[in-house]
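Peer 1: Sequence and computational prediction follow.
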Amino acid sequence: MPPTSPSEHPRRPRLTPALADVRRAVREHLDALPDGSLALVALSGGADSLALALATAAEAPRAGRRAGAVIVDHGLQADSAQVAERAAAQARALGLDPVLVRRVVVGTSGGPEAAARAARSAALDAAVAETGAAAMLLGHTLDDQAETVLLGLARGSGTGSLQGMSAVRGTVRRPLLGVRRATTAAACADAGLEPWHDPHNAEERFARVRVRCSILPMLERDLDAGVIEALARTAAIVREDAEALDAMVDEVAEELVELEEAGCSLPVAALAANPAALRHRLIRLVARVEFGASLSRTQTLEVARLVTDWHGQKPLHLPGIRVERTAGRLVFTAAPADSGARDADDPHPIERGD
């Protein structure tokens, strides 16, 4: 399919309800950026990112900001270079500048979805560094948020996944998290833009595709027509609670954590006096900040048992961390993963959010 031209797709289409919704969502994020700064749109050519690019191109000049686009060619399909160039042509036709096309090599670690996501994220981070952009705008919608929450719930991943994707995280911004996917498709149609349809989005070997094409439609049909909005609303509530708890943990950690010769320690009495949610977060915080480790639920509970179910256990060894209760304190020290003490690992040692 040949690239579209500005004459085929005018930059200022009639403002329909769908276009107004997308532009309003983008405007709120652009207004939060410094005057004259650059916002980049991560553009795949699909309806969500294309609607985002359209709205950003329209709203950035009004807000006194600059707008460009980054197209990542994953090289996973025979025509990926043509798809990337078509998206770049659409971005230029909308008036975005700069328009960068970056081809990446997708590895195999963690499965195809995770590998593609890692390669894309690295390319987008590099584009931000290269251009000095104040923000990278991603086209995730309310539907994407609902899918993320449902997948996290099914995996038992805790609040890290149930809170879904954040609207703002560093330079990354997701303006469309409150906008339905149907709205972005309608915005493209109203503007005369033809999105690209990723064939991977129809392959049910991917868990997210099964959720999108089968599970959520079934829940909408048989359970509640508002289940997608409810899942996204749940994510917002969980995120508020998690952020409040994390802030409390940071304050408590400043008072309780003491540096040791080869690590740090926490007083057992104070850990025991705190609710489980705070106690577990303190344990994970120490592991992450001092040792760069992400503890699973099983690992966290094993460490907590040194506080709540103490009967003279031997030191506990996690990957790279030795935890021991001694003299009324829980002492964390660096240790090789293959030490001889009892191991508390499980099949899913890492839990991550967005």
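Peer 2: Yes, it's here. No experiment lies behind these values; they were computed from the predicted model shown.

Peer 1: From the contact counts, what lies against the one helix or strand residue 302 maps to?
Peer 2: Per DSSP states H and E: residue 302 is located in helix 297-308. Judged by 3 or more CB pairs under 8 Å, 6 or more residues apart in numbering; DSSP states H and E, the packing partners of helix 297-308 are helix 268-273, helix 276-291, strand 316-318, strand 321-326, strand 329-334. No exception for glycine: its C-beta is placed from N, CA and C like everyone else's.

Peer 1: Just name the most buried of those.
Peer 2: When you average the neighbours per residue for each of the helices and strands packed on helix 297-308 (mean count of other CB atoms under 10 Å), strand 316-318 leads with a mean of 22.

Peer 1: Now find how far off-centre that one is within its chain.
Peer 2: Relative to its chain's centre, strand 316-318 lies at 30 Å (CA atoms, centre = their mean, to the nearest Å).

Peer 1: Report the inter-axis angle for the helix holding residue 302 versus strand 329-334.
Peer 2: 140 degrees (axes from the mean of the first three to the mean of the last three CA atoms, to 10 degrees).

Peer 1: for helix 297-308, which positions count as buried?
Peer 2: For helix 297-308, burial by neighbour count (16 or more other CB atoms under 10 Å) applies to 297, 299-304, 306-307.

Peer 1: hmm, back to that, out of the helices and strands packed on helix 297-308, flag the one nearest residue 228.
Peer 2: Closest to residue 228 of these is helix 276-291 (CB to CB; 28.0 Å).

Peer 1: residue ranges of the strands in this protein, please?
Peer 2: 38-42, 66-73, 99-103, 135-137, 168-169, 172-173, 258-259, 263-267, 316-318, 321-326, 329-334, 342-343 (DSSP state E).

Peer 1: so can I have CSV of those showing mean pLDDT?
Peer 2: Shown next, in CSV, are the strands of the chain (pLDDT from 0 to 100):
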stretch, mean pLDDT
strand 38-42, 98
strand 66-73, 97
strand 99-103, 96
strand 135-137, 98
strand 168-169, 95
strand 172-173, 98
strand 258-259, 91
strand 263-267, 95
strand 316-318, 92
strand 321-326, 95
strand 329-334, 95
strand 342-343, 42
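
Peer 1: Quick check: which ranges of the stretch 1-150 of the chain have low pLDDT?
Peer 2: By pLDDT under 70, the weakly predicted segments of the stretch 1-150 of the chain are 1-13, 110.

Peer 1: again, only this time at 80
Peer 2: 1-13, 76, 107-113 (pLDDT under 80).

Peer 1: For it, which segments are assigned as helices?
Peer 2: Listed in chain order, the helices of the stretch 1-150 of the chain (DSSP state H, counting those that start in this stretch) span 17-30, 47-63, 80-93, 112-131, 142-155.

Peer 1: and among those, the most buried is which?
Peer 2: With a mean of 24, the top stretch among the helices of the stretch 1-150 of the chain by mean neighbour count (mean count of other CB under 10 Å) is helix 47-63.

Peer 1: Now do that one against helix 142-155, angle only.
Peer 2: 130 degrees.

Peer 1: what about the stretch 251-354 of the chain, any weak spots by pLDDT?
Peer 2: Scanning the stretch 251-354 of the chain with the threshold set as pLDDT under 80 gives 260-261, 335-354.

Peer 1: just to revisit the earlier point, in CSV, list the helices of the stretch 1-150 of the chain along with distance to residue 217.
Peer 2: Below are the helices of the stretch 1-150 of the chain laid out as CSV (distance: least, CB to CB, whole Å):
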stretch, distance to residue 217
helix 17-30, 21
helix 47-63, 18
helix 80-93, 27
helix 112-131, 21
helix 142-155, 11
